[in-house]
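# Model the structure of this input:
(2 chains)
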Protein chains: 2
Amino acid sequence: MAIIHSSSCSTSRSYCYHSNKIYNGHGYPMLTLQEQTAADELPLSYPPFISSIKKRRLKLKEVACQGYPVGWYGEKRKSTNRMVKVICYYLDGTINLYMRPIEGITIIVLLDQMTIASYIDRLIVPVPKANGTDYMGSKRQRSSHESNSIKIVQPDGPSFTLDNGSTVRWGDWKFHVAYDMRAGIIISLASMFDADKREFRSVMYRGFVSEVFVPYMDLTEEWYYRAYFDAGEFGFGLCAVELEPSKDCPENAKFIDGYFISQDGTPGKMPNVICIFERYAGDIMWRHTEDAIPGKKIRKVRPEVSLVVRMVSTVGNYDYITDYEFKQSGTIKVMVGLTGLLEVRGSIYTHNDQIKEEVYGTLIAENTLGAYHDHFFTYHLDLDVDGHENSFVKNNLKTRRMINKSSPRKSYWTVVSETAETESVAKIQLGSSRGAFEMVVVNPNKKTEVGNEIGYCLIPGGSATSPLLSDNDYPQIRGGFTKYNVWVTPYNKSEKWAGGLYTDQSHGDDTLAIWSLRDREIKNKDIVLWYTFGVHHVPKQEDFPIMPTLSTSFELKPTNFFQHNPVL
Amino acid sequence: MAIIHSSSCSTSRSYCYHSNKIYNGHGYPMLTLQEQTAADELPLSYPPFISSIKKRRLKLKEVACQGYPVGWYGEKRKSTNRMVKVICYYLDGTINLYMRPIEGITIIVLLDQMTIASYIDRLIVPVPKANGTDYMGSKRQRSSHESNSIKIVQPDGPSFTLDNGSTVRWGDWKFHVAYDMRAGIIISLASMFDADKREFRSVMYRGFVSEVFVPYMDLTEEWYYRAYFDAGEFGFGLCAVELEPSKDCPENAKFIDGYFISQDGTPGKMPNVICIFERYAGDIMWRHTEDAIPGKKIRKVRPEVSLVVRMVSTVGNYDYITDYEFKQSGTIKVMVGLTGLLEVRGSIYTHNDQIKEEVYGTLIAENTLGAYHDHFFTYHLDLDVDGHENSFVKNNLKTRRMINKSSPRKSYWTVVSETAETESVAKIQLGSSRGAFEMVVVNPNKKTEVGNEIGYCLIPGGSATSPLLSDNDYPQIRGGFTKYNVWVTPYNKSEKWAGGLYTDQSHGDDTLAIWSLRDREIKNKDIVLWYTFGVHHVPKQEDFPIMPTLSTSFELKPTNFFQHNPVL
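Next comes the predicted model:
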């Protein structure tokens, strides 16, 4: 039960519950690093597997394996075992094992017993060749135009402070950064100093990645179950990696260590797991050139400098870069970058012309199918806009037609605001209709001097993706919280993980989608905004052998929160 | 006719037509800087205006005026006059004239005659106060936490070359940069060196801002006509401003001058009108940490360095930052940032509680209404993906339901491609339905080694905005090309300006929407992709007195263009 406790505690600084009650529902806590490593080694000494490798004329010492959660596919009975399916890869001339899957074998490992419970060698498929898969060396010829070095320099050092290793002060911002095994970075108690009011005003009580849902679209025997919950099953924080100075983060970054709880309850250190740095990308915060005043030439330009908090989580093949960027204007920009290696299926095909069946992916190299898949990132955003009690307002941009001839114009648009009374009216599927609107969390108890509601707006990014799986498909039942991009719930201390507290082998009966069925009141309450964005990934040859970072982001932007532009 | 000629020539390097034919259609060429300045000064010596100023108890020497295009509001007869409406502002204690409009007066100036043809003083409205409008000084108290300096340093200098002042070579990229009075930056002949093929392969023949349509939503007498075409009426390039080193562009930037044609045909120099710089924002191009290989610790991180080409165009109150960012991965990211000053209406109101009528905007300060408006940016993207003949393909992501029990899964999605045969099937309104798809310009005559079509994908940004005006409203008839976010047309040398060659006072009979009615064939042709994105702007108090930059972007991304990730 150590893991369950640690998981529940680590993200709740203000309370931490311990009980002797045995949990009897569906699902298990996160996999530990230790049991994953142990499971990965089992096949290498398992005679049927050794014989499978021999049959394929491969060398056992060049094989490396990885365990993956098994999911849930409609079994009615409660699972009585924690388990993984172990997938093996072939090195032999590359370090890019993920580009060389050994297909056709299904190995089930029981984790508590640490034994192979089931082994099936169904078919032999060519292992894709090693040639062209390496990303370490510079074996390929490049054009002669290499770049000169470019560096970010702060001669007087960074201008943020980090107190007690966790409280950041930068510009008008003050917030707390924590590392969590499940969520990764947790930002809490974010507030901004208001120079007019001479006080800090709260923006966000707590914000973090609640779940990362990654369903694959390949329905072959060895692939159908691959629908991962990278936070709830693997631990988005537990998979965080040591950041490389001057590479993962620029020269002016400071680093923070993290601590995790091992399987036996002892603490483990994760050095340099989070970095914080000031970003100057050559951009402009605001500017104006004025030439309308005779005899005067006016130009004022203020460069944009922001503060970034970054973690990289490498969940097996994928590397997720997660940034929280704080802007002086009050905006928090949340970014996810996807890089690392695709999950590919070995295939008999070497050219598209040979393919006459559904292969569930793109042929990205000979014998290599990049499987279609999605990434959904669900953020828990417990905003406290200038206080605890907030409301969720949808500002609809409505076309008004001029029916009389009072104006030479025939139409205009105006803003019609709706405040959501309960959860059911606050959920939103973005991109499902042409209507334009803004989504604002407001404090209905406070107004600006001219009487606007004080708020923070959610600005969706380019990838406001809705799921394409059918509602009754098992991965989608478990990932039902991705059905809407936006949900608003009243704060409830037990509702942190959109996929449920125990996500591994979950049945989808403890998700945000289920909690929200109660249709609770959310007006003028302590509310939580849940935002899901993502990408449908159709792999391309450019993603081989390693993916250029695919970035997507959203913003939380002050909306009549300040009396005026806070950066003058 | 000099202006007409210059405008037609300046954007067509390969041909330049001169004729003695008089144009008899609707619309006029762009306003010149000289006639705008002359028109702006007319009211200051016009007795009725002087008396209006006196009536308002204002000081004439503190008044500054600006001319704006008059648009077209259904008049059937051909306009026989080039004209502007001149709007005046009040300084007296601020340089931020746009925050102090003198409302209630309509002045029509005939440009060719340079006389006031009509003058109406309809009503007196309080001029908003100067207090709080200045953005030059640091009069406001800030928190004590000021930032230390941060600089971008390239000790060996920039790594790009600029030949003949216009041909850029950087990394694997080669392209041409030009300044144009109407479009601003024109990128042409962009190609990438393919290290495998040892040759440059073409990506884009020519790309530029074709139009910027900015309709306001205020239907009061002095405002209804405000629906601007910032490229066709003002000249997006003509309004470009001198960039400030180390502020508008970072320390490592190089600058290019531009040349424009004055009203009398003489050339004028615009110093430092475009800058080019390498960007390193602390981001990661690709990375992976591998810990699945026993005994090995593998980590490889490649920082992201890109090349930015930037111009800033200050069209009256607004400053538009336009960036073309070239990435080593082959992606071209096109960004527009909006900053500068809002167009506000003076009002009697000092608090929202007083407002019982439609005011067409947000009360952003006392007596100051930030008018609702849109910005639509329409790009002309003449891609030549690995050759001239291209097709436009829509890759639809379609859900497949499993009706038999062949898989424990009940659904998946796959890719179903459609090639557009003619213009009518290629137009796309983004965000109008839940369906997911990719938009790819492919070269159907070339394939990768494994048989994928060679392509470049259009990745829309977050602001894929559709117009909210009714189709029959006059500004929308003239801006009909914004109705769809994507259009594809066969290349036609006369189809460059989405709003028509002569946009000032146009009737909308020469727009992309009209040309495309011919429904021409576009399959395996030299095609042009037109992409419109934009923002519906509901002003906020944070936009006062100067707007923090609001950025929006899209990408052109290689899609099976290369055999593999081009940056290894």
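# Going by C-alpha atoms from here, please, whenever you check contacts or count neighbours.
Fine.
# Which pLDDT value belongs to A:Ala2?
A:Ala2 is assigned 29 on the pLDDT scale.
# Just the strands from the stretch 151-300 of chain A, written as ranges.
Applying DSSP state E, counting those that start in this stretch to the stretch 151-300 of chain A gives strands spanning A:151-153, A:161-163, A:167-170, A:173-180, A:184-194, A:199-215, A:227-229, A:254-261, A:267-279, A:284-290, A:298-303.
# Which of the residues in the second one are classified as buried?
Right, the one you point to is strand A:161-163. For strand A:161-163, a neighbour-count test (16 or more other CA atoms under 10 Å in any protein chain shown) marks A:Thr161, A:Leu162 as buried.
# What lies in contact with that strand?
By CA atoms under 8 Å, 6 or more residues apart in numbering or on different chains, the surrounding residues in contact with strand A:161-163 are A:Thr167, A:Val168, A:Arg169, A:Trp170.
# what's the pLDDT at the most centrally placed residue in chain A?
The residue lying closest to the centre of chain A (CA atoms, centre = their mean) is A:Phe377, at 4.0 Å. On pLDDT, A:Phe377 comes in at 97.
# Specify the local secondary structure of it.
With DSSP: H, G, I helix; E, B strand; the rest coil as the basis, A:Phe377 sits in strand.
# Can you tell me the closest non-neighbouring residue to it?
A:Val212 (4.6 Å; CA to CA, 6 or more residues apart in numbering or on different chains).
# these two touch, right, the one you found and A:Phe234?
No: the criterion here is CA atoms under 8 Å, and A:Val212 misses it with A:Phe234 at 10.1 Å.
# Looking at the two, which is more packed in?
For A:Val212 and A:Phe234, the more surrounded residue by other CA atoms under 10 Å in any protein chain shown is A:Val212, and the numbers stand at 28 against 25.
# check contacts around that one.
A:Val212 neighbours (CA under 8 Å, 6+ apart): A:Tyr228, A:Phe229, A:Asp230, A:Ala231, A:His375, A:Phe376, A:Phe377, A:Thr378.
# roughly how far apart are it and chain B?
As for A:Val212, its distance to chain B is 18 Å (criterion: CA to the nearest CA, to the nearest Å).
# one step back: for the contacts of strand A:161-163, which single residue is the most surrounded?
That'd be A:Trp170 among these, by other CA under 10 Å, with 22 neighbours.
# what's the neighbour count on the nearest residue to that residue once chain neighbours are set aside?
Among residues not flanking A:Trp170 along the chain, A:Phe160 sits closest, at 4.5 Å (CA to CA, 6+ apart). Counted by other CA under 10 Å, the residues lying close to A:Phe160 total 21.
# pretty sure A:Phe160 is touching A:Val168, no?
Yes: taking contacts as CA under 8 Å, A:Phe160 lies within contact range of A:Val168: 6.7 Å.
# surely A:Ile355 meets A:Tyr349?
Yes: A:Ile355 is within contact range of A:Tyr349, at 6.9 Å (criterion: CA under 8 Å).
# For these two, indicate the residue with more neighbours.
A:Tyr349 (19 against 12).
# The more buried one falls within a strand, correct?
No: read with three-state DSSP, A:Tyr349 is coil and lies in no strand.
# Skip the chain neighbours and tell me the closest residue to it.
In space, A:Tyr349 is closest to A:Asn367, 5.1 Å off (CA to CA, 6+ apart).
# do A:Tyr360 as well
A:Asp218 (5.0 Å).
# ok, now how distant is that neighbour from A:Met335?
Distance, A:Asp218 to A:Met335, using CA to CA, to the nearest Å: 28 Å.
# And A:Asp180, by the same measure?
18 Å.
# Between these two, tell me which one has more neighbours.
Set A:Asp180 next to A:Met335 and count neighbours by other CA under 10 Å: A:Asp180 wins out with 24 against 17.
# That one contacts A:Phe208, doesn't it?
No: A:Asp180 is beyond contact range of A:Phe208, at 9.5 Å (criterion: CA under 8 Å).
# got any residues that touch both of those two?
Counting by CA under 8 Å, 6+ apart, the residues touching both A:Asp180 and A:Phe208 are A:Ile186.
# just curious, which of the contacts of A:Val212 is nearest to B:Gly455?
A:His375 (23.5 Å; CA to CA).
# leaving aside the residues next to it on the chain, what's closest to the closest one?
Of all residues not flanking A:His375 in the chain, A:Val214 sits nearest, at 4.7 Å (CA to CA, 6+ apart).
# what residues are up against the one you found?
A:Ala227, A:Tyr228, A:Phe229, A:Asp230, A:His373, A:Asp374, A:His375, A:Phe376.
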